[in-house]
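> Quick one: sequence plus predicted model below, questions after.
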Amino acid sequence: MALKKLEIKNFRCFKSLEFDLSLKSSLFWGNNGCGKSSVLEAIYILCTGKSFRTSILDSAIKRGEEGFSLTALTDSSKRFYITKVRNQPISIKINDKKVTALELLKYNPLLSIDHNTYFYNDSNPEHRRKHLDRALFSVYSDYSQNLLNFYHTLRLRNLSLKKSSPKDANAWNVSLAETGDNLTKYRNDFVTKSKTNFINILNQSSHPKAELYKDIKIAFNAGFSETSFLDTLTKNISQDLFKKVTSEGPHRADIKFLFDNRQLKHSFSRGEQKVIAIMWSLSFAETINQLSSSCPLITLDDLGSEIDPHHLELLYPLFNKFENQLMFSNITSLFDSKIENPFNNFKMFHVEQLN
Ligand SMILES: Nc1ncnc2c1ncn2[C@@H]1O[C@H](COP(=O)(O)OP(=O)(O)OP(=O)(O)O)[C@@H](O)[C@H]1O
Ligand SMILES: [Mg+2]
């Protein structure tokens, strides 16, 4: 499914905006503060019911207004309508029927590549876990429930550890291990497939840097040391009672990027890390395409910042190969006379002129 038309009212700097998107790729460009990220944020909210910039949605209501509304029409004639009135919960409707944010996610999967993603290797493990879990939400309908069950049981075990009760703590081991093993299986499988896609993406490129990036090792750490999570829980009980917390498990899972056996962040420049993070996210999109019937919309905020034109040329051919609907933002219109317009059915919006 692709978004065909957008309507934005009283959102951030926009009073009222209405335009037709490209079903393939759209670029929003313009100066700092003109509203590029706000357009992508509006699209993100239309797909997830949340913002990638803030947990306080009221801050996105245009100053001086009481609420915002966002509407998207899809190529299959579905109408997504979201309103947020100050101090009231968000209202989400699909074809005039109220739905929850979780239901919305299933209709309109989206993969956002934004400032939270660019310094993937520099950010904390929790961020990388969330990035992975969000991708898994779009593939497996039971994944979010499984994750909730896991964290619920983990809290109960930790509570028993705080009360220094080994009997109570151990009583949670089997159910915790069951949900934990399930999460680990999904995560491991998804990362393995994404690693293959990462290499495939690089193999499609004749860019000189592609060869270097192929030497990056991507390692999934499940978060526990024993072969089974149950064995880890049993082995760690004295240590966990001492620390009053479950020390190992899927809640400590991480993905590490290594080059020459060292973490990537120690040797790669910021621009290089950003290109790698974009390619890794595109590998996720490809895995979602392969594992599910959905083809997530991909948004990419501030594509060109910190990446020189030579490195951008590594990314352009990749975008072209994706069947997903793509939306970018950038300060300039990206293409000078030397770089041929690389995208299919490409539409450019000068955001200053949209309002
Ligand atoms: N609630 C709000 N009401 C009115 N204006 C707002 C609100 N929230 C943010 N703004 C303003 O909206 C403008 C657009 O912000 P946005 O982050 O979308 O710009 P941008 O084009 O992405 O800029 P940059 O190139 O710096 O990333 C900014 O001037 C910002 O101060
Ligand atoms: Mg921006």
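That came through, no problem. Ligands and ions are numbered 1, 2, ... in the order given.
> Could you pull up the residues touching Asn261?
For Asn261, no residue meets the contact criterion (CB atoms under 8 Å, 6 or more residues apart in numbering). C-beta: built from backbone N, CA, C; applies to glycine.
> what's the answer for Tyr140, then?
By CB under 8 Å, 6+ apart, the contact list for Tyr140 reads Tyr186.
> same check, this time on Ser112
Going by CB under 8 Å, 6+ apart, the list of residues near Ser112 reads 40, 44, 52, 299, 301.
> Off-centre distance for stretch 193-203?
Here stretch 193-203 is found 18 Å from its chain centre; the criterion is CA atoms, centre = their mean, to the nearest Å.
> let me fix that: stretch 206-222
20 Å.
> hang on, the earlier thing: so which of the contacts of Ser112 sits lowest on pLDDT?
For the contacts of Ser112, the weakest pLDDT value sits at Phe52, with 88.
> Distance of that residue relative to ligand 1?
11 Å (CB to the nearest ligand atom, to the nearest Å).
> Kindly report the same for Phe242.
Separation of Phe242 from ligand 1 (CB to the nearest ligand atom) stands at 47 Å.
> swap in Asp231?
Taking CB to the nearest ligand atom, one finds Asp231 at 48 Å from ligand 1.
> what's the helix or strand for that residue?
helix 229-235 (DSSP states H and E).
> For that helix, buried residues please.
Within helix 229-235, the residues scored as buried using 16 or more other CB atoms under 10 Å are 229-230, 232-233.
> Mind giving me the packing neighbours of that helix?
In this structure, helix 229-235 makes packing contacts with helix 173-203, judged by 3 or more CB pairs under 8 Å, 6 or more residues apart in numbering; DSSP states H and E.
> Give me the helices and strands touching the helix it packs on, please.
helix 125-137, helix 143-162, helix 208-213, strand 217-221, helix 229-235, helix 270-291.
> Buried deepest among these, which one?
Each of the helices and strands packed on helix 173-203 was assessed for mean neighbour count using mean count of other CB atoms under 10 Å. The highest is helix 270-291, with a mean of 21.
> centre of the chain versus the next helix or strand after it, how much separation?
For helix 270-291, the following helix or strand on the C-terminal side (DSSP H and E) is strand 297-300. The chain centroid and the centroid of strand 297-300 are separated by 9 Å, computed with CA atoms, centre = their mean.
> export the next helix or strand after strand 297-300 as CSV, just CAs?
Following strand 297-300 in sequence order, the next helix or strand is helix 309-321 (DSSP H and E). The C-alpha coordinates for helix 309-321 follow below in CSV (Å, rounded to 0.1, in the frame of the first residue of the first chain):
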residue,chain,number,x,y,z
PRO,A,309,28.0,13.7,-3.1
HIS,A,310,30.5,10.9,-3.7
HIS,A,311,29.0,8.8,-0.9
LEU,A,312,25.5,9.7,-1.8
GLU,A,313,26.2,8.0,-5.2
LEU,A,314,26.6,4.8,-3.2
LEU,A,315,23.0,5.1,-2.0
TYR,A,316,21.1,6.4,-5.0
PRO,A,317,21.2,3.2,-7.1
LEU,A,318,20.0,1.3,-4.0
PHE,A,319,16.9,3.5,-3.6
ASN,A,320,16.0,2.8,-7.2
LYS,A,321,15.9,-1.0,-6.7
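> for the very next helix or strand once past helix 309-321, packing partners?
Next in sequence after helix 309-321, counting helices and strands by DSSP H and E, comes strand 326-330. Secondary-structure packing of strand 326-330 (3+ CB pairs under 8 Å, 6+ apart): strand 25-29, helix 36-48, strand 297-300.
> Make a markdown table from the buried residues of helix 229-235 and add pLDDT to it.
Listed next are these as a markdown table, based on pLDDT from 0 to 100:
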| residue | pLDDT |
| --- | --- |
| Phe229 | 96 |
| Leu230 | 96 |
| Thr232 | 96 |
| Leu233 | 97 |
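> Looking at these, which is nearest ligand 1?
Checking those against ligand 1 with CB to the nearest ligand atom, the nearest one is Phe229 at 41.9 Å.
> domains of this protein?
Split into domains by automatic domain parsing, the chain comes to 1-109+297-355, 120-293.
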